[in-house]
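[1] When you get a sec, could you give me coordinates for this:
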Amino acid sequence: MIRAPPTPIAIRAAITSPGFVHVATKDELMELAVDEVFAEIEVPAADSPDWRAAATEAARSFRSTALRHPWLASVLGQAGLAYLGPNLMSFSERLAALFATAGFPEPSRAIDTVMTYVIGAGTTEAAWLTTIARSGETEADFIARLLPAAQQAAAAHDHLADSFAAPSDTDPEEIRDSKFTYGLEVVLDGLAMRLPPR
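    Numbering: from 1, shown residues only. Next up, the predicted model:
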């Protein structure tokens, strides 16, 4: 359990009661929560034979974790990876090892590129799912209810109208997954072009 202390003096002191950590501010409390969640994210070993497959696995693990904890993406969207907890540092180190082993001369830039996409996509997706949850509807029902208004709004825009022409029979979760995969593949394609020849 994490508990905010009543006085600043007690804030920095670790107390002996197991399960309690004193924090000074809401930001410090959030840092602890963020770091706890980062322990759930899986990153393949640096010596994985296919760096793209390994980076994809790490990105998907981050996305899954962010969707289990919808507040995470928005917090990181505001602060980036400014938190320095041990689990986040371990996650970053494993990613750095993965990209360094793959041959990237500046692994931190590769991490920034992938994480910028994953956090951005995760923020949007988590917000969408939160809105649906608040509606009390299924995702499919929510989309079906909004579709007529979307079709009407897009009707005067040639390049958008086809996107809303007819409801899709595809599971909305599969559509979201496909969109995430497409964007991630584009990002990794770009990174692959930056790899020095071997």
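
[2] Which residues outside stretch 109-123 are in contact with it?
    Residues from elsewhere that reach stretch 109-123, judged by C-beta atoms under 8 Å, 6 or more residues apart in numbering: 55, 58-59, 62-63, 66-67, 72-74, 76-77, 80-81, 92, 95-96, 99, 104, 179-180, 183-184, 187-188, 190-191, 194. Heads up, the C-betas are built off the backbone N, CA and C, glycines and all.

[3] mind running it again at 6 Å?
    59, 62-63, 66, 73-74, 76-77, 95, 99, 104, 180, 187, 191 (C-beta atoms under 6 Å, 6 or more residues apart in numbering).

[4] do the same with stretch 39-50
    So stretch 39-50 is contacted by 54, 57-58, 61-62, 65, 87, 91, 94-95, 97-98, 101 (C-beta under 6 Å, 6+ apart).

[5] Can you show me the helices along the protein?
    8-11, 26-38, 51-68, 71-79, 86-102, 107-135, 139-154, 158-161, 172-192 (DSSP state H).

[6] quick one: least confident of the contacts of stretch 109-123?
    Taken together, those show their lowest pLDDT at G77, with 59.

[7] sorry, back to before: which of the contacts of stretch 39-50 sit farthest apart?
    For the contacts of stretch 39-50, the farthest-apart pair by C-beta to C-beta is T65 and T101; their separation is 23.3 Å.

[8] Looking at those two, which one has more neighbours?
    T65 (18 against 15; other C-beta atoms under 10 Å).

[9] lowest-confidence helix or strand of this structure?
    The helix or strand of the chain with the lowest confidence, counting by mean pLDDT, DSSP states H and E, is helix 8-11 at a mean of 33.

[10] Check the burial of T113 by counting its neighbours.
    Neighbours of T113 using other C-beta under 10 Å come to 16.

[11] Now do the same contact list for S61.
    Per C-beta under 6 Å, 6+ apart, neighbours of S61: 41-42.

[12] Distance-wise, check it relative to G122.
    Separation of S61 from G122 (C-beta to C-beta, to the nearest Å): 11 Å.

[13] so where's the protein uncertain?
    For the chain, the stretches with pLDDT under 70 are 1-23, 77-83, 166-167.

[14] Recalculate using a threshold of 80.
    Across the chain, the ranges flagged by pLDDT under 80 are 1-29, 73-74, 76-84, 164-168, 198.

[15] that older thread, would you mind putting the helices of the chain into JSON lines with distance to P44 alongside?
    JSON lines is the format used below for these (distance: least, C-beta to C-beta, whole Å):
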{"stretch": "helix 8-11", "distance to P44": "38"}
{"stretch": "helix 26-38", "distance to P44": "16"}
{"stretch": "helix 51-68", "distance to P44": "4"}
{"stretch": "helix 71-79", "distance to P44": "21"}
{"stretch": "helix 86-102", "distance to P44": "7"}
{"stretch": "helix 107-135", "distance to P44": "13"}
{"stretch": "helix 139-154", "distance to P44": "30"}
{"stretch": "helix 158-161", "distance to P44": "39"}
{"stretch": "helix 172-192", "distance to P44": "14"}
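
[16] Much appreciated, bye for now.
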